[in-house]
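Asks: Next comes the sequence, and after it the predicted model I'd like to discuss.
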Amino acid sequence: MAARTKKKAKRTKRTRTKRTIRPASRATVKKLKKAKKSAAKKAVAKTSSAKKTVKKKKQGRSTPIKTAATPQAAKAPTPKTAWKISPEISQSVVDIDIWKKDDLKIEHLTVYRSGWIVVDRLPDLSGYDPDEGVNIFEEFEFEEHEVFDGSEETSFFPKELPQEECDRLMTLSEEELEGEGWTIESSTRFSGPLVVEEVAVPSAA
């Protein structure tokens, strides 16, 4: 604060003192001209250097380059363990459709070359009888199954039905049979030795 007060006091004294204007000598005029020229040259030099700097900035990129942030790798869904069960021997998968109406029963069998199911838990097959087989819909809980290549179809009709009626029923669709009062019970059986394989199933996102 003291230094600023002294500066103000000096300026006040300068403004109050009267100056006498005297004509400058030739030597002084020459000095002033030289000083002006050198000052002008310095000013031009500063201006030109400033212009060069501006040009360089214009030639280059004025805005900084933005680097794209590397996205984090999407986490892959953790696979869960499951078990795939299938018959070891070909043509050991049978679809059985049983049609019933009053005391009558019609059995329709379709043999497939192969098939499989996928279960969440390792099954206990210690009591499994390969000759008898297993009804997969009764013994296992699963959401996914597949059968392949139906190779043989066989139908068994009750003896009390005449052959003409059996032939007529064979030509009817499931909707038409149900329309005539027939109801259906379906099952799929695996027989023979079974193969159990551990598989990885991706969990839902």
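Replies: Everything's here; your move. Residues are numbered from 1 along each chain as shown.
Asks: Find the nearest non-adjacent residue to Ser191, please.
Replies: Closest residue to Ser191 apart from its sequence neighbours, by CB to CB, 6 or more residues apart in numbering: Gly133 at 3.2 Å. Glycine gets a C-beta too; all of them are placed from N, C-alpha and C.
Asks: Can you pull the poorly scored residue ranges out of this structure?
Replies: For the chain, the stretches with pLDDT under 70 are 1-79, 202-205.
Asks: For it, which segments are assigned as strands?
Replies: Secondary structure of the chain by DSSP state E: the strands cover 79-87, 93-101, 104-119, 134-135, 142-156, 183-190, 194-202.
Asks: What is the neighbour count of Asp103?
Replies: Residues near Asp103, counting by other CB atoms under 10 Å, number 7.
Asks: Can you give me the separation between it and Leu172?
Replies: Distance, Asp103 to Leu172, using CB to CB, to the nearest Å: 19 Å.
Asks: and what of Trp182?
Replies: Taken as CB to CB, the span from Trp182 to Leu172 is 9 Å.
Asks: and these two? which has more neighbours close in?
Replies: For Trp182 versus Leu172, neighbours defined as other CB under 10 Å are more numerous around Trp182 (18 against 13).
Asks: Surely that one touches Trp99?
Replies: Yes. Using CB atoms under 8 Å, Trp182 is in contact with Trp99, at 4.7 Å.
Asks: can you tell me which residues contact the closest residue to Ile89 other than its chain neighbours?
Replies: Leaving aside its sequence neighbours, Ile89 sits nearest to Gly192 (CB to CB, 6+ apart; 4.3 Å). The contact partners of Gly192, by CB atoms under 8 Å, 6 or more residues apart in numbering, come to Pro87, Glu88, Ile89, Ser92, Pro130, Gly133.
Asks: If you rank the residues you listed by neighbours, which is first?
Replies: Comparing those by number of neighbours (other CB under 10 Å), Pro87 comes first, having 23 neighbours.
Asks: my read: that one touches Val93, true?
Replies: Yes. Using CB under 8 Å, Pro87 makes contact with Val93 at a distance of 6.1 Å.
Asks: what about Val94, distance to Asp149?
Replies: Counting by CB to CB, the gap from Val94 to Asp149 is 13 Å.
Asks: Compare those two (neighbour count), which wins?
Replies: Ranked by neighbour count (other CB under 10 Å), Val94 and Asp149 place Val94 first, with 20 against 12.
Asks: Is Val134 bridged to anything, and to what?
Replies: Phe190 (DSSP bridges).
Asks: That'll do, ta.
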